[in-house]
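>>> This is the structure alone, sequence omitted:
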């Protein structure tokens with residue numbers, strides 16, 4: 001990697017073409033491959049943009065989902081390769097992408113230092129030679145893809161017969177990636193899916209080739225060490241190597257929020273720091289043994305990277321997280337929603353995000369998966385959801401069916417956000433004849449669910465003017481709470497310069513990343529306590545949760561001196577806020 005940061009997956013549409021925008025500058029990004037309809041339409045759009053031949057892959061074709069994904073990923077690789085080739089033909093002019101490539105690099109990068117040296121040279125043979133050497137140093141960022149393990153419904157044929165497991169959503173998506181020309185990684189998120197993990201071992205591209213090289217790699221996105229250990233060990237026993245552990249804050253992130261049991265980011269990173277070598281030794285031993293049993297003798301233990309993401313907002317925070325904990329990369333997600341050169345957010349939604357304040361971002365029950373979901377109050381999808389409730393027709397039409405998982409009222413699974421489910425559930429609720437307050441509470445829980453399949457994809461259709469006449473224009477977007485501290489839209493250079501501390505974007509009254517996350521967890525604990533009155537099991541959970549938060553506060557006190565060594569100057573304020581939170585926690589029942 002040329003850069004010390006990457007752009008994580010952002011919804012469905014928001015990073016669906018990020019590699020086409022930033023890979024040529026050496027920046028790695030992640031695309032979601034959940035929605036094959038979105039992918040196919042983006043392929044149609046970009047083949048036209050690049051004057052290439054487009055051959056539609058229809059839903060009537062066998063294994064169409066995997067084929068669509070493969071075709072789009074191959075297109076992305078082809079276009080990025082062309083971009084890099086064209087860049088290397090450019091001069092080092094003020095406006096060229098070649099110049100921009102080197103200007104964006106961190107100042108510590110070796111090629112950036114050679115670039116600066118070249119700028120100081122007089123024209124001549126030596127400068128020309130160095131320029132050729134610099135062009136040879138240009139490499140693209142990684143084009144990674146994300147599969148959310150929980151999105152893995154079984155599918156049916158035209159007659160309604162259930163197809164074999166290999167045609168499930170996640171397995172078909174994985175196969176599409178495996179058959180593509182990409183030499184990159186799949187980011188596995190949202191917990192372990194044994195069916196998906198077992199299928200990984202059947203795909204040759206995830207096993208070392210005759211040179212001991214992995215053509216396709218695995219990245220695990222996790223919230224804590226235990227989850228990383230369990231999943232990586234399971235994979236190692238299948239002969240699969242985890243090339244990167246990507247640790248994300250459970251709550252201080254965008255999209256779905258997988259809260260830990262009160263474990264805060266700092267202590268989690270400390271555990272990885274302390275157990276990193278032990279973890280890799282154990283995994284290496286299992287991995288080697290399994291591959292030998294498979295008849296693969298040319299085994300090389302490849303390096304494993306460690307990355308952190310979720311709520312990072314300043315250069316000082318990034319440097320501390322990477323240096324103190326010994327990590328390799330930091331993920332900057334939500335702030336890039338405000339960078340049109342890097343992500344795909346329609347103009348109206350971008351304008352709303354740019355003006356939003358802290359109260360506009362909240363942890364919701366919107367997701368049909370039943371997992372807390374970061375939502376934006378100003379989104380048109382949220383406005384539409386409320387309008388439907390007022391009109392007496394809550395719920396959404398369900399067309400894509402990626403999140404169908406409920407059989408309470410039907411033999412065939414339906415989505416909790418669908419109009420069909422919410423109508424049936426509200427009808428059942430009315431028969432209970434509950435007191436008004438109790439009824440309203442359950443009514444709000446039912447109608448909180450919103451359609452993510454359509455809402456998270458439509459932004460790209462609006463941005464590129466390819467929305468079909470009858471499609472809803474309601475956009476769902478899921479920024480992390482850290483977005484509130486970034487105001488306005490930014491150029492790619494402005495955001496990258498901010499990440500590296502070469503400029504500082506105005507982040508008014510922004511607490512440190514550790515304090516932001518701690519506040520989110522305290523609020524989450526309060527909601528657990530509120531909803532668990534009289535529940536003995538829940539009281540045990542909240543008691544353990546509270547204890548972990550208190551231990552996290554103690555830990556943060558022990559590293560404030562270390563934080564100072566990395567330029568942190570607000571030590572007294574930091575300690576004071578920790579003490580206030582500690583008192584607040586001790587007061588929770």
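Now that the structure is in, tell me what you want to look at. These numbers were taken from a predicted model, which means no experiment stands behind them. Residues are numbered from 1 along each chain as shown.
>>> Run through who's touching stretch 199-216.
Contact with stretch 199-216 is made by 165-166, 171, 174-175, 177-178, 182-186, 217-218, 235, 238-241, 243, 291, 294, 296, 298-300, 302, as judged by CB atoms under 8 Å, 6 or more residues apart in numbering. All C-beta atoms are positioned from the backbone trio N, CA, C, and that covers glycine.
>>> switch the cut-off to 6 Å
Contacts to stretch 199-216, defined as CB atoms under 6 Å, 6 or more residues apart in numbering, come from residues 171, 178, 183, 238, 240, 298, 300.
>>> Distance check, the first one against residue 231.
The gap separating residue 171 from residue 231 is 17 Å, by CB to CB, to the nearest Å.
>>> Settle it for me: which of these two has more neighbours?
More crowded of residue 171 and residue 231, by other CB atoms under 10 Å: residue 171, with 26 against 22.
>>> what sits against that one?
Residue 171 touches residue 199, counting by CB under 6 Å, 6+ apart.
>>> Which secondary structure state is assigned to it?
helix (DSSP: H, G, I helix; E, B strand; the rest coil).
>>> what's around residue 464, how many residues?
Residue 464 is flanked by 17 other residues according to other CB under 10 Å.
>>> For it, give me its contacts.
residue 45.
>>> Let me see the confidence value for it.
For residue 464, the pLDDT comes out at 98.
>>> In terms of helix, strand or coil, where does the closest residue to residue 526 other than its chain neighbours fall?
Leaving aside its chain neighbours, residue 526 sits nearest to residue 588 (6.9 Å; criterion: CB to CB, 6 or more residues apart in numbering). Under three-state DSSP, the three-state class of residue 588 is coil.
>>> Residue 588: neighbouring residues, count only.
15.
>>> That one and residue 481, how far apart?
21 Å.
>>> Same check on residue 150?
Residue 150 is 22 Å from residue 481, where distance means CB to CB.
>>> So which of these two has more stuff around it?
residue 481 (23 against 18).
>>> I figured that one was touching residue 363, is that so?
No. With contact defined as CB atoms under 6 Å, residue 481 does not count as touching residue 363 (8.1 Å).
>>> Tell me where the stretch 301-450 of the chain has helices.
Using DSSP state H, counting those that start in this stretch, the helices of the stretch 301-450 of the chain run over 315-324, 347-355, 380-390, 419-431, 436-447.
>>> among the ones you listed, which is nearest residue 74?
Taking CB to CB, helix 347-355 is the member of those nearest to residue 74, at 29.6 Å.
>>> Just want the angle from that closest one to helix 380-390.
Interaxial angle of helix 347-355 relative to helix 380-390 (axes from the mean of the first three to the mean of the last three CA atoms, to 10 degrees): 100 degrees.
>>> List the buried residues in helix 347-355.
Buried residues in helix 347-355, counted by 16 or more other CB atoms under 10 Å: 349, 350, 352, 353, 354.
>>> The chain: strands as residue ranges?
5-7, 28-32, 143-148, 185-189, 217-222, 242-248, 305-309, 329-331, 361-364, 373-376 (DSSP state E).
>>> Same list (those strands) but as JSON lines, adding distance to residue 459 and mean neighbour count.
Listed next are these as JSON lines, based on distance: least, CB to CB, whole Å; neighbours: other CB atoms under 10 Å:
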{"stretch": "strand 5-7", "distance to residue 459": "16", "mean neighbour count": "25"}
{"stretch": "strand 28-32", "distance to residue 459": "13", "mean neighbour count": "27"}
{"stretch": "strand 143-148", "distance to residue 459": "17", "mean neighbour count": "24"}
{"stretch": "strand 185-189", "distance to residue 459": "21", "mean neighbour count": "24"}
{"stretch": "strand 217-222", "distance to residue 459": "22", "mean neighbour count": "24"}
{"stretch": "strand 242-248", "distance to residue 459": "22", "mean neighbour count": "24"}
{"stretch": "strand 305-309", "distance to residue 459": "21", "mean neighbour count": "22"}
{"stretch": "strand 329-331", "distance to residue 459": "21", "mean neighbour count": "22"}
{"stretch": "strand 361-364", "distance to residue 459": "17", "mean neighbour count": "18"}
{"stretch": "strand 373-376", "distance to residue 459": "12", "mean neighbour count": "24"}
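>>> could these go into a markdown table alongside mean pLDDT and distance to residue 466?
Formatted as a markdown table, the strands of the chain follow (pLDDT from 0 to 100; distance: least, CB to CB, whole Å):
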| stretch | mean pLDDT | distance to residue 466 |
| --- | --- | --- |
| strand 5-7 | 98 | 23 |
| strand 28-32 | 98 | 18 |
| strand 143-148 | 97 | 22 |
| strand 185-189 | 98 | 27 |
| strand 217-222 | 98 | 30 |
| strand 242-248 | 98 | 32 |
| strand 305-309 | 98 | 30 |
| strand 329-331 | 98 | 29 |
| strand 361-364 | 95 | 28 |
| strand 373-376 | 96 | 23 |
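>>> JSON lines please, covering these and showing distance to residue 422.
As requested, the strands of the chain are arranged in JSON lines below (distance: least, CB to CB, whole Å):
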{"stretch": "strand 5-7", "distance to residue 422": "35"}
{"stretch": "strand 28-32", "distance to residue 422": "26"}
{"stretch": "strand 143-148", "distance to residue 422": "23"}
{"stretch": "strand 185-189", "distance to residue 422": "27"}
{"stretch": "strand 217-222", "distance to residue 422": "31"}
{"stretch": "strand 242-248", "distance to residue 422": "31"}
{"stretch": "strand 305-309", "distance to residue 422": "34"}
{"stretch": "strand 329-331", "distance to residue 422": "35"}
{"stretch": "strand 361-364", "distance to residue 422": "16"}
{"stretch": "strand 373-376", "distance to residue 422": "17"}
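>>> Which one of those lies nearest to residue 402?
Nearest of the strands of the chain (CB to CB): strand 143-148, 9.6 Å.
>>> What is that closest one packed up against?
strand 28-32, helix 169-178, strand 185-189 (3 or more CB pairs under 6 Å, 6 or more residues apart in numbering; DSSP states H and E).
>>> What pairs with the last one, parallel or antiparallel?
Using DSSP bridges, the neighbouring strands of strand 185-189 in the sheet come out as strand 143-148 (parallel), strand 217-222 (parallel).
>>> Format these as a markdown table; extra columns: distance to residue 578.
Converted to a markdown table, the strands paired with strand 185-189 look like this (distance: least, CB to CB, whole Å):
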| stretch | distance to residue 578 |
| --- | --- |
| strand 143-148 | 34 |
| strand 217-222 | 26 |
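>>> What is the longest helix of this structure by residue count?
Counting residues, the longest helix found in the chain (DSSP state H) is helix 265-293.
>>> out of the strands of the chain, which comes closest to residue 446?
strand 361-364 (13.7 Å).
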